[in-house]
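>>> Sequence plus the predicted model coming up.
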Amino acid sequence: MLQTYKNNPKPFLHGVLLIFIIVAPFWFPNFTTQLATLWLFIIVAMTWDMTGGQMGYNSLGNIFFYGTGMYAAAVFAISLVYDVGDYTSAFGGGRFDFTDQQYFTGFIFGSLFAGFFCAISAFIVGYLTFGLRGPYFAIGTLGVAIAAGELVSNWEWVGGGQGIVLPVYPGDLDDGKIFIYYAFAITGVVLFTFLNWLYKTRFGAAMNAIRDDEEKAEAMGIHTLRYKLITWAMAAFFVGIVGGISAFQLISFEPLETAYQTINLGIFMVVCVLLGGKGTLWGPIIGAILFHVIKEVTWSYFLGWQWVALGFLIVVTVVYFQDGLMGWLKTKKPEWFGIRVDQKEFEAAE
Amino acid sequence: MDQILGNIGLLIEFPVVNLAIIIEGLMIGALFALAAYGLALVWGVMNVKNLAQGDFVIAGGYVSWWLVNNIGMHPLLGVPVAFVVMWGIGWATYKLVISRVIERDLFTSLLATFGLAIMMAQIMNLMFGSDTQSLTLDMPVLEFADGFIQLPMAKVLGVLMASALALGVVLFMKNSRMGQAIRATAQDARAARVLGIDTEKVYAFTFSLNSAICGAAGAIIVMVWVIQPFYGITYSIRAFVVVTAAGLGNLPGVIAAGLGIGAAEQYGGHIFGIGYQQAIAVIILLLVLIVRLLQQRRNRQVLQ
């Protein structure tokens, strides 16, 4: 047992982690919602890193898929039972009951539908914006997210600026929290397993090639636009799903502050990735955990100034600590990452 | 839909309304052009894309508003005072943040200034509250065409001050030694250093100048429209639209684009309703980016 662990510790560590993930809501029953939010941060950070870290396309508009996912899931779940226009114009009032079965079908298929809907919108948005490079891409995608928020807040059919009120979880409230936690956790574990596999394939190599030098990658015969679109669509798929789950978690949401929250979650996901380390598998996860802890601490101890503290954190991270924790570890302990440094050569270079 | 058609019908029926909208748009556009000119300056000289541009504008407005309300200063004096105060804030920002991101990749500067924008908006929110604020000038309102066109003298004065400021900056850039050094640095920073220009000083000066221009624009805006701590991002986006559409170092282009966007926004707000005004600014940005993209795609040869 010990021998196999020493030879290959990875499956063992992953197993321990998985057990922890499964028992966590029972272990810390008071923190179920917190842990669910942590999963949300981890998932959006990992998906941001797919384009930002691995492919070199820094988007500021991934929040677009989060908001669109929320609305897609909500509209889908409502339209299974009622007319959406009637439902939203009542703003949670009136007699719009959902049976247990209707709730769960709406939840599961609504979230999946949100994923596919976002993947398709990623193709359309990506086709229009992926010719933009560097900061233009960031500004362009930010523009898409802001414009979407403004347009949705004027769209009365989905509730306009008031937003949508979804049905609450049928049954015990604590069970509902655990249910949401597992919905996030399953999405997160699937995403991790998927990325763990994807980054080792030819496709992952092509993504890194685009990041390192897009012109050369194209000259080598990689159809860059296709790779960029597929990567973004995959990222959007997962963001759409968590958007859908968030919609059911928050129950009531409105377009500008919750769904298309450009300056909150939209920028947090980037900071999570930068804190942890861009372009690594574990960086976004560690960064999301770090950021979540810092955020909760500033929220409780700097009440009123928490936003200033967060802006300050962003500036400091970006200016002084951009390689993140993983980048810092990589320079300090390269052997942990399987990078061999020839000591003699290193000293000669010094 | 009917409402939109009705609004368009109104424009055709009463052509004089068009004129009123265009005049209003051009007056707003003049201030956009001012903020955009500052952005183009910073962008061109040190390759920093300042997403906190709009927050500098709003900060300048609050400097003027605070002084008028607390020490009873005349609102018109707010413009030079905001210019000076924002010069100092811009200099401090440069030393603390911007000087460390100039040499880095472009996304770094974008994200750092975005963090700065969040910070500034929140500090202003905590200091001055989240209500919209404005200053009123005791000035007559001129009326033309049976009251269809209203021309408050305060707005005319604001536009005149904006033009005077722009003219001053342009003359300064053309004729002074510092202006020459800034233009030289924009062309080739390394060559400028070799020829003995202290580029660090040029960068600090340029960023402070940009901040001061924004501050003065804000002090004008607080007199003729309203400010609010979170309005900054819309001014940033409009400045980006103008610079992206006009290109760097193209002053007539910047002015034309600024005026054009002001007018387009007013038209959009009139036709689709006031709720869409901000969406229109953003959509224009996306259209500009896409049109530029298509133009460049034609020049680009790719593997098919």
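Nice, thanks for sending it over. Numbering: from 1, shown residues only, chains lettered A, B, ... in the order given.

>>> what residue ranges in the chain score low on pLDDT?
Using chain A here. Chain A contains residues with pLDDT under 70 at A:1-8, A:90-95, A:134, A:337-350.

>>> Sorry, I should have been clearer: chain B.
Along chain B, segments meeting pLDDT under 70 span B:1-2, B:144-148, B:249, B:299-304.

>>> From the centroid of it, which residue is nearest?
Computing the C-alpha centroid of chain B and ranking residues by CA atoms, centre = their mean puts B:Ala35 first, at 2.3 Å.

>>> Let me know the distance separating it from A:Val308.
Separation of B:Ala35 from A:Val308 (CB to CB, to the nearest Å) stands at 23 Å. All C-beta spots, glycine's among them, are computed from the backbone N, C-alpha and C.

>>> Could you do A:Val16 as well?
According to CB to CB, A:Val16 and A:Val308 sit 39 Å apart.

>>> who's more crowded, those two?
The residue with more neighbours, out of A:Val16 and A:Val308, is A:Val308; 19 against 10, by other CB atoms under 10 Å in any protein chain shown.

>>> The more buried one reaches B:Asn125, doesn't it?
No. Taking contacts as CB atoms under 8 Å, A:Val308 lies outside contact range of B:Asn125: 9.3 Å.

>>> ok, and the closest non-adjacent residue to whatever residue of the stretch 101-250 of chain A ends up closest to chain B?
Here the residue of the stretch 101-250 of chain A nearest chain B is A:Glu150; by CB to the nearest CB that distance is 3.5 Å. Distances taken as CB to CB, 6 or more residues apart in numbering or on different chains put B:Ala279 closest to A:Glu150, at 3.5 Å, once the chain neighbours are dropped.

>>> Check which helices and strands the helix or strand containing that neighbour sits against.
Counting by DSSP states H and E, the element that carries B:Ala279 is helix B:277-299. Under the contact definition 3 or more CB pairs under 8 Å, 6 or more residues apart in numbering or on different chains; DSSP states H and E, helix B:277-299 sits against helix A:100-129, helix A:134-153, helix B:232-246, helix B:251-272.

>>> Of those, flag the one that's most buried.
Among the helices and strands packed on helix B:277-299, ranked by average contacts under mean count of other CB atoms under 10 Å in any protein chain shown, first place goes to helix B:232-246 (a mean of 26).

>>> so how far is it off the chain centroid?
7 Å (CA atoms, centre = their mean, to the nearest Å).

>>> What angle do helix B:251-272 and it make with each other?
Put simply, helix B:232-246 runs at 120 degrees to helix B:251-272, going by axes from the mean of the first three to the mean of the last three CA atoms, to 10 degrees.

>>> coming back round to it: go through the helices and strands packed on helix B:277-299 and name the closest to B:Arg190.
With CB to CB, the closest approach to B:Arg190 among those belongs to helix A:134-153: 21.0 Å.

>>> Output the contacting helices and strands for that closest one.
On a contact count with 3+ CB pairs under 8 Å, 6+ apart, helix A:134-153 meets helix A:63-79, helix A:100-129, helix B:106-128, helix B:232-246, helix B:277-299.

>>> now with 7 Å?
helix A:63-79, helix A:100-129, helix B:106-128, helix B:277-299 (3 or more CB pairs under 7 Å, 6 or more residues apart in numbering or on different chains; DSSP states H and E).

>>> Turn those into CSV, including distance to B:Ile12.
Formatted as CSV, the helices and strands packed on helix A:134-153 follow (distance: least, CB to CB, whole Å):
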stretch, distance to B:Ile12
helix A:63-79, 36
helix A:100-129, 32
helix B:106-128, 41
helix B:277-299, 20
